[in-house]
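*Asks:* just need the structure, nothing else, for what follows:
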Amino acid sequence: MALNSGQRRHLTSTYASVTHLVRLMEEAATEGRLPTGVGSPLTRLSPLEVEAIFGSLRRLESRLRRKAATLAPEELAAFEEPQSTHNTRVWLSNLLDKLGAAVDALQPDQMRKYGPTGDDAEFASLHSKLSAEVQKAREQLEVELPTPAGDTEC
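*Replies:* Got it, this is the predicted structure:
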């Protein structure tokens, strides 16, 4: 069965979505990690429960990958090809911006939105120390390291 380019991309996209969702589910079941990444941990399931649930899901994922490899091999290969370190650094930079915004929410003027803080100096000091760590991470992220052979910029 031959697929057109839109169908091949859709098949590969479906495979990508399924693998992502199964990974999130496994992390929730085995590590207690919330799919949102934020909040109190979940209670982990027993290995017996995990195997009962994920045996079928792993088979589903494997079948879908085999079908994508057969019907959309170029699209699957492109999906599985790692992006450049430049792209990794761009993603880290974006996430670091979000982390910085979360730290900035601890500034005394921001905290007062939720009621009297009692001690602005304590929050000012905490914010200053956390901001310094964010800045150190930013500086390290921006350090230009030699690009390994075979890693091309986008």
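*Asks:* then the lowest-mean-pLDDT helix or strand in the chain to CSV, C-alphas only?
*Replies:* Within the chain, no helix or strand scores below helix 108-111, which has a mean of 90 by mean pLDDT, DSSP states H and E. What follows is helix 108-111, C-alpha atoms only, in CSV (Å, rounded to 0.1, in the frame of the first residue of the first chain):
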residue,chain,number,x,y,z
PRO,A,108,8.5,40.9,47.5
ASP,A,109,6.2,43.1,45.3
GLN,A,110,4.9,39.9,43.6
MET,A,111,4.5,38.1,46.9
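*Asks:* would you mark the buried spots in stretch 9-23?
*Replies:* By 16 or more other Cβ atoms under 10 Å, the buried positions in stretch 9-23 come out as 11, 12, 15, 16. In short, each C-beta sits where N, CA and C put it, glycine included.
*Asks:* for the first one, what is the enclosing helix or strand?
*Replies:* Residue 11 belongs to helix 5-31 when elements are defined using DSSP states H and E.
*Asks:* helices or strands next to that helix in the packing?
*Replies:* helix 47-71, helix 73-80 (3 or more Cβ pairs under 8 Å, 6 or more residues apart in numbering; DSSP states H and E).
*Asks:* what about the ones you listed, which gets the closest to residue 87?
*Replies:* Residue 87 sits nearest to helix 73-80 of all the helices and strands packed on helix 5-31, at 13.9 Å, using Cβ to Cβ.
*Asks:* right, I'll leave it there.
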